[in-house]
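*Asks:* test case, fold it:
(one chain, ligands or ions: 1)
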Amino acid sequence: MTDRSVIVIGAGAAGLLAAHFAARSGAQVELVERTRDGGRKILISGGGRCNVLPGVARPERYVTASSAHRMRRLLKSWPLVEQREFFTRELGIDLVLEPETGKLFPSSHRARDVRDGLVEAVRRAGARMRFDTRVTGLGPPPSPDADWRVHLEGGATLSARCVVVATGGLSVPATGSDGAGLGWLEALGHEVHPLYPALTPLTGCADHADLAGVSLSVRIRAPGARPRFETTDGFLFTHRGYSGPSVLDASHLTVGGADTRQSLRVRWAAHETAEWDEMLVSARQGIVGGVVSDHVPARLARRLVHEAGVPWDRAVSRLTRAERRSLTRILGDYDLPWDGNEGYKKAEVTGGGVALDQVDLRTLESRVSPRLFLCGELLDAFGPIGGHNFFWAWATGRAAGRGAAQTA
Ligand SMILES: Cc1cc2nc3c(=O)[nH]c(=O)nc-3n(C[C@H](O)[C@H](O)[C@H](O)COP(=O)(O)OP(=O)(O)OC[C@H]3O[C@@H](n4cnc5c(N)ncnc54)[C@H](O)[C@@H]3O)c2cc1C
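*Replies:* Got it, this is the predicted structure:
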């Protein structure tokens with residue numbers, strides 16, 4: 001047995017933080033990562049710019065099937081202001097607020113600087129890093145004083161007093177995470193809440209394919225969702241359906257599939273149905289197409305007016321009450337015809353995961369398997385678009401690393 005030894009499995013956002021904080025707390029740390037350089041999701045995050053953190057923490061917007069109280073306690077464990085300071089102090093990376101989106105990006109706008117800075121900080125803290133090494137399984141200690149064993153592809157075995165599992169979920173498997181860690185944890189007896197792709201584009205109506213590329217700010221509501229769901233953010237028509245932050249944030253509501261259809265209602269412009277009604281009643285001049293395209297992009301306006309069954313060039317003053325009602329509903333409360341989602345291939349995160357009551361909230365030590373620590377996306381919680389998922393990964397990674405070092 002090696003004194004104070006910690007193995008961290010997975011060099012993603014959570015694992016890098018866990019290794020850093022475990023090493024800084026005096027543990028002898030080995031970080032094992034299957035890809036050749038780690039942090040692959042950091043590299044592709046925020047369109048290559050890495051939205052490191054949100055400008056404002058929004059614990060109420062996270063999703064979990066576990067206790068919301070436990071989730072919030074974890075989020076509060078490392079406040080936003082301290083996380084921001086960490087990047088400046090330890091990595092020399094200043095985070096700047098993008099006013100239009102309220103997101104924090106590195107001042108260089110290069111995700112690579114964040115990934116490289118973290119890897120370097122882990123090295124500086126004294127952790128050993130083993131890249132290109134896939135873990136195939138975990139062997140629990142055969143006796144209370146014995147070490148954990150970590151089995152590697154090729155047959156070698158490492159051992160350590162504590163192990164941190166930071167292997168992520170199932171999203172974008174090309175980045176290295178294939179859900180294997182969740183399988184080991186389930187086999188050890190942890191409760192894993194059903195998994196599903198989240199923050200993923202939706203597929204939809206073939207008739208909308210010719211709108212691909214149209215983007216605008218919208219409000220999406222899901223009247224049938226519990227808890228209530230509403231978001232106002234960007235929306236993008238794609239060749240296969242719908243994307244943009246508002247759609248990604250709503251996508252977890254479609255996991256039951258089109259069979260258990262959750263209605264997503266879109267308000268295309270800034271006006272509610274009643275305001276549209278008033279506008280159309282009071283407009284004395286002009287044609288319907290002109291009024292609508294003053295508020296939504298022209299290609300979309302044409303499509304919406306067509307779907308409302310109203311001629312584009314109908315004089316506003318000659319609209320019938322039924323036509324006006326049909327138009328205002330489509331403009332202010334549109335039932336988005338989604339029929340599925342793009343799945344894990346495009347999902348930014350995995351919904352579900354290890355139930356939060358399976359870990360100690362302070363140390364993130366498993367309550368099922370002593371001296372095993374869990375962090376990051378494999379835990380049952382995710383946040384909306386906007387830096388909230390790194391916020392979760394940094395906070396839980398730090399807590400798990402410190403917890404493991406204290407216990408080792
Ligand atoms: C396209 C995209 C853009 C995103 N943009 C943002 C953003 O801008 N802001 C934000 O907050 N969030 C963003 N996210 C979400 C964010 O990237 C994740 O929430 C976060 O990376 C999860 O961190 P993690 O360490 O738990 O998991 P991961 O980042 O998935 O890391 C897991 C690591 O474990 C390794 N691993 C897995 N299995 C094994 C094994 N058997 N042996 C050894 N190693 C293994 C993997 O190779 C990987 O390096 C984005 C996600 C995607 C996909």
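
*Asks:* so what's the residue in the stretch 201-350 of the chain that the ligand sits nearest to up against?
*Replies:* Residue of the stretch 201-350 of the chain nearest the ligand, by C-beta to the nearest ligand atom: Glu348 (3.7 Å). In this view, the C-beta of every residue, glycine as well, is placed from N, C-alpha and C. Taking C-beta atoms under 8 Å, 6 or more residues apart in numbering, we find Glu348 in contact with Ser171, Val172, Ala198, Leu199, Thr200, Leu248, Ile385, Asn389.

*Asks:* which residues touch the fifth one?
*Replies:* The reference is to Thr200. Counted by C-beta under 8 Å, 6+ apart, Thr200 has contacts Leu248, Ser251, Asn341, Glu342, Gly343, Tyr344, Lys346, Ala347, Glu348.

*Asks:* with Arg398 as the reference, measure out to Ser77.
*Replies:* Plainly put, Ser77 is 8 Å away from Arg398 if you go by C-beta to C-beta, to the nearest Å.

*Asks:* repeat for Asp210
*Replies:* 48 Å.

*Asks:* then Asp360?
*Replies:* 15 Å.

*Asks:* more neighbours, those two?
*Replies:* Arg398 (24 against 12; other C-beta atoms under 10 Å).

*Asks:* and the gap between Leu104 and the ligand?
*Replies:* Counting by C-beta to the nearest ligand atom, to the nearest Å, the gap from Leu104 to the ligand is 9 Å.

*Asks:* which residue does the stretch 151-300 of the chain have closest to the ligand?
*Replies:* Counting by C-beta to the nearest ligand atom, the stretch 151-300 of the chain gets nearest the ligand through Gly176, at 2.1 Å.

*Asks:* identify the residues contacting that residue.
*Replies:* Gly10, Gly12, Glu33, Arg34, Thr35, Gly38, Arg40, Gly168.

*Asks:* report pLDDT for the fifth one.
*Replies:* We note a pLDDT of 98 for Thr35 in this prediction.

*Asks:* can you tell me the helix or strand for it?
*Replies:* Counting by DSSP states H and E, no helix or strand carries Thr35.

*Asks:* correct me, but it touches Met129?
*Replies:* No: assessed by C-beta atoms under 8 Å, Thr35 is found out of contact with Met129, at 11.6 Å.

*Asks:* find the residues that touch each one of those two.
*Replies:* Contacts common to Thr35 and Met129, judged by C-beta under 8 Å, 6+ apart, are Ala11.

*Asks:* ok, back up a step: out of the contacts of Thr200, which comes closest to Gln262?
*Replies:* Minimum separation from Gln262 among the contacts of Thr200 (C-beta to C-beta) is found for Ser251, which lies at 10.4 Å.

*Asks:* helix/strand/coil for that closest one?
*Replies:* Following DSSP: H, G, I helix; E, B strand; the rest coil, we place Ser251 in the helix state.

*Asks:* give me the nearest residue to it, chain neighbours excluded.
*Replies:* Thr200 (4.9 Å; C-beta to C-beta, 6 or more residues apart in numbering).

*Asks:* next one: Glu120
*Replies:* In space, Glu120 is closest to Leu91, 7.8 Å off (C-beta to C-beta, 6+ apart).

*Asks:* so what's the one you found scoring on pLDDT?
*Replies:* 95.

*Asks:* tell me if I'm right that it and Val119 touch.
*Replies:* No: assessed by C-beta under 8 Å, Leu91 is found out of contact with Val119, at 10.2 Å.

*Asks:* so which of these two has more stuff around it?
*Replies:* Neighbour tally, Leu91 and Val119, criterion other C-beta under 10 Å: the higher count belongs to Val119, 23 against 19.

*Asks:* following element in sequence after whichever strand or helix holds the more buried one, please.
*Replies:* Using DSSP H and E, Val119 sits in helix 111-124. Scanning forward in sequence from helix 111-124 by DSSP H and E, the next helix or strand is strand 128-130.

*Asks:* and that following strand, what's buried?
*Replies:* Buried residues in strand 128-130, counted by 16 or more other C-beta atoms under 10 Å: Met129.

*Asks:* that strand - what's its average pLDDT?
*Replies:* For strand 128-130, the mean confidence score works out to 97.

*Asks:* and that strand, is it in reach of the ligand?
*Replies:* No: between strand 128-130 and the ligand, judged by C-beta under 6 Å from any ligand atom, nothing touches; the nearest distance is 9.0 Å.

*Asks:* so Ala14 sits right up against Glu377, yeah?
*Replies:* Yes: at 7.1 Å, Ala14 counts as touching Glu377 under the criterion of C-beta under 8 Å.

*Asks:* for the residue nearest the centre of the chain, phi and psi?
*Replies:* Taking C-alpha atoms, centre = their mean, the centroid of the chain lies closest to Val349, which sits 4.3 Å from it. The phi/psi pair for Val349 (degrees, to the nearest 10) reads phi -150, psi 170.

*Asks:* check Glu230 too.
*Replies:* phi -160, psi 130.
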